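In: sequence-free structure coming up:
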């Protein structure tokens, strides 16, 4: 197993040899992150058009501002989902042979 470097680049041979199981797994992680991030918000929406989590009031001493924590987690999960879709799509295109062996076209 070889992981991408800090710039997200993988060794040439690894990009073109991901299995369909690996590609499916990364898309499943993206779906799970999306459902986890947005599912509760959609299920428990109370008909408000304005998002109550955007309140900027500081919580009382010793209390946690849970709506703000929830927004932070939702943002993290959404970014994780976006990166998973990006790399999953990149791997799928590379394995399909559409770009041949030219890694430049995958950037």
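Out: Nice, I can see it. A quick note: this is a predicted structure, and the numbers were derived from the prediction, not measured.

In: pLDDT (mean, whole number) over the host helix or strand of residue 83?
Out: If you go by DSSP states H and E, residue 83 is part of helix 66-96. Confidence over helix 66-96 (mean pLDDT, whole number) is 91.

In: buried residues, it. List them.
Out: 74, 77, 80-81, 84-85, 87-88, 90-92, 94-95 (16 or more other C-beta atoms under 10 Å). For the C-beta atoms, the positions are set from N, CA and C on the backbone; glycine is no exception.

In: go on, stretch 20-36?
Out: Neighbour-count burial for stretch 20-36, counted by 16+ other C-beta under 10 Å, picks out 23, 26-27, 29-30, 33-34.

In: so which other helices or strands are in contact with the helix or strand harbouring residue 35?
Out: If you go by DSSP H and E, residue 35 is part of helix 20-43. Packing partners of helix 20-43 (3 or more C-beta pairs under 8 Å, 6 or more residues apart in numbering; DSSP states H and E): helix 66-96.
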